[in-house]
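Chemist: Sequence first, then the predicted structure:
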Amino acid sequence: MNKQFTFTIKNICLDEHYRPSDNTRITTNFANLARGENRQQNLRSALKMIDNRFNALAHWDNPEGDRYSVELDIVSVNIGIDGNGLAFPSIEVLKTNIVDNKTNERIEGIVGNNFSSYVRDYDFNVLLSDHNKGRQQFSIPDNFGELHGKLFKYFINSDVYKQHFKKPPVICLSVSDNKTYHRTENQHPVLGFEYLPNASSLTEQYFKKMGLSVRYFMPANSVAPLAFYFFGDLLNDYSNLELISTISTMETFQKIYRPEIYNANAVAGHRYKPSLTNQDHSLTNVVYDRKERSKLAIQQGKFAEEHFIKPYQTMLDQWSTNFAR
């Protein structure tokens, strides 16, 4: 077909001075922290938690527990349709960088970590919701997640991605509260014990269409496993420090977003059923509005429908049909 997509990438440093730009998805978790009267203290506390957790995991040759610090970049990806001069906000992820304060070396970390997407907001909060209105039994629309998955793979295989990033992304999410996880005997020195779910989830199926596999691990001194979505070989394609940068970043955010699971006072056992109604947990001193985030996700799904899905429906359908996996 004649029309193709182009991608542009913009990096913004996520530090205590960060303020979300007007076109940032305001449901993005780190953007939620950076608003309101506590914004600077929220960011300062979260970044300190990340550094502390990194040093606890990277404890070798680190007697004072302060050898490393983590720098974060927000990577915003806009998608353009050739010929019309317009760009639509596609995805937003985080890029970690590691600073070795002993050697003054700056080590590239992992891109991915947090993942947000306007088209995913549309799929889950508009398309899926509309499809199930009036239905007695929940079902999934035909081709659910197909367009989003193909757009993501197209981006990962693009020259733009390869120019900016050396390795494929790793996306780290929370476990599902409607599944049960069983601990295996497989233990990685950094990722910890591996867990296996009792069933596949809609999120797993959605990310599979993006080309991503998933494994669940609970690092040392964590209280619940994390879901790691990746291309290739998670355990061998990334260094220990790269993996630690993702663990420390996303475990910190999950303690803030889902304290019932990741700041619980009891550690996950061999058989683990997460619960968002768990009362036996501790709160961080970081303010986060989870209810507002859910409301805004619906608004942003409708934004994607109005500004991307509907105006280019015919072209998107044709492109998706012709896309080579």
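Modeler: Alright, I've got the coordinates. Only a predicted model underlies this, so the values are computations on that prediction, with no experimental measurement involved. Residues are numbered from 1 along each chain as shown.
Chemist: which residues of this structure fall in strands?
Modeler: Remark: strands assigned in the chain by DSSP state E are 5-14, 68-81, 87-100, 105-117, 170-173, 181-188, 192-197, 213-218, 226-230, 271-272.
Chemist: Any chance you could list what contacts stretch 173-180?
Modeler: Stretch 173-180 is contacted from outside by 115, 181, 195, 197-199, 201, 203, 216, 224-227, 229, 250, 254, 257-258, 261-262, 271-276, using CB atoms under 8 Å, 6 or more residues apart in numbering. C-betas here are computed from N, CA, C, even on glycine.
Chemist: Check the average confidence over that stretch, would you?
Modeler: Per-residue pLDDT over stretch 173-180 has a mean of 94.
Chemist: roughly how far apart are the closest residue in space to Ile79 that isn't next to it in sequence and Asp73?
Modeler: Nearest residue to Ile79, sequence neighbours excluded (CB to CB, 6 or more residues apart in numbering): Ser90, at 4.1 Å. When distance is defined by CB to CB, to the nearest Å, Ser90 is 17 Å away from Asp73.
Chemist: Looking at those two, which is more packed in?
Modeler: Each of Ser90 and Asp73 has its neighbours counted (other CB atoms under 10 Å); Ser90 has more, 23 against 18.
Chemist: and that one, what is it in contact with?
Modeler: Ser90 neighbours (CB under 8 Å, 6+ apart): 7, 77-79, 117-119, 151, 155.
Chemist: Now neighbour count, distance to Gln163 and pLDDT too, for those, in CSV please.
Modeler: As requested, those are arranged in CSV below (neighbours: other CB atoms under 10 Å; distance: CB to CB, whole Å; pLDDT from 0 to 100):
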residue, neighbour count, distance to Gln163, pLDDT
Phe7, 19, 10, 92
Val77, 22, 13, 93
Asn78, 16, 15, 91
Ile79, 20, 16, 92
Ser117, 23, 21, 91
Tyr118, 25, 23, 91
Val119, 25, 23, 93
Leu151, 23, 18, 94
Phe155, 19, 12, 95
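Chemist: Generate TSV for those residues, with distance to Asp66 as supplementary columns.
Modeler: Converted to TSV, these look like this (distance: CB to CB, whole Å):
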residue	distance to Asp66
Phe7	38
Val77	34
Asn78	38
Ile79	41
Ser117	36
Tyr118	39
Val119	41
Leu151	41
Phe155	37
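Chemist: Can you tell me which of those residues lies closest to Pro141?
Modeler: Comparing these against Pro141 with CB to CB places Val119 closest, at 14.1 Å.
Chemist: The closest one reaches Ala304, doesn't it?
Modeler: Yes - in this structure, Val119 is within contact of Ala304 by CB atoms under 8 Å, at 5.5 Å.
Chemist: In this structure Pro197 contacts Thr184, no?
Modeler: No - with contact defined as CB under 8 Å, Pro197 and Thr184 do not form a contacting pair (11.4 Å).
Chemist: neighbour-wise, which of these two wins?
Modeler: A count of neighbours by other CB under 10 Å puts Pro197 above the other of Pro197 and Thr184, at 18 against 13.
Chemist: show me what contacts Ser117?
Modeler: 90-92, 148, 152 are the contacts of Ser117 under CB under 8 Å, 6+ apart.
Chemist: Mind picking the two most distant members of those?
Modeler: Taking CB to CB, the two most distant members of the contacts of Ser117 are Glu92 and His148; they sit 14.0 Å apart.
Chemist: mean confidence score for stretch 313-325?
Modeler: 85.
Chemist: same question but for stretch 105-115, I mixed them up
Modeler: Average pLDDT, stretch 105-115: 95.
Chemist: Can you tell me what sits against that stretch?
Modeler: With contact meaning CB under 8 Å, 6+ apart, stretch 105-115 is reached by 28-30, 70, 75, 91-100, 164-167, 169-173, 229, 238, 241-243, 245-246, 249-250, 253.
Chemist: mind saving the C-alpha coords of it as PDB?
Modeler: Taking Å, rounded to 0.1, in the frame of the first residue of the first chain, the C-alpha atoms of stretch 105-115 are listed here in PDB:
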ATOM      1  CA  GLU A 105      30.500   5.000  34.400                       C
ATOM      2  CA  ARG A 106      27.000   5.400  32.900                       C
ATOM      3  CA  ILE A 107      25.500   2.100  31.900                       C
ATOM      4  CA  GLU A 108      22.600   1.800  29.500                       C
ATOM      5  CA  GLY A 109      19.600   0.000  31.000                       C
ATOM      6  CA  ILE A 110      16.400  -1.400  29.600                       C
ATOM      7  CA  VAL A 111      13.700   0.400  27.600                       C
ATOM      8  CA  GLY A 112      10.100  -0.600  28.300                       C
ATOM      9  CA  ASN A 113       9.400  -1.000  32.000                       C
ATOM     10  CA  ASN A 114       6.100   0.900  32.300                       C
ATOM     11  CA  PHE A 115       3.900   0.700  29.200                       C
END
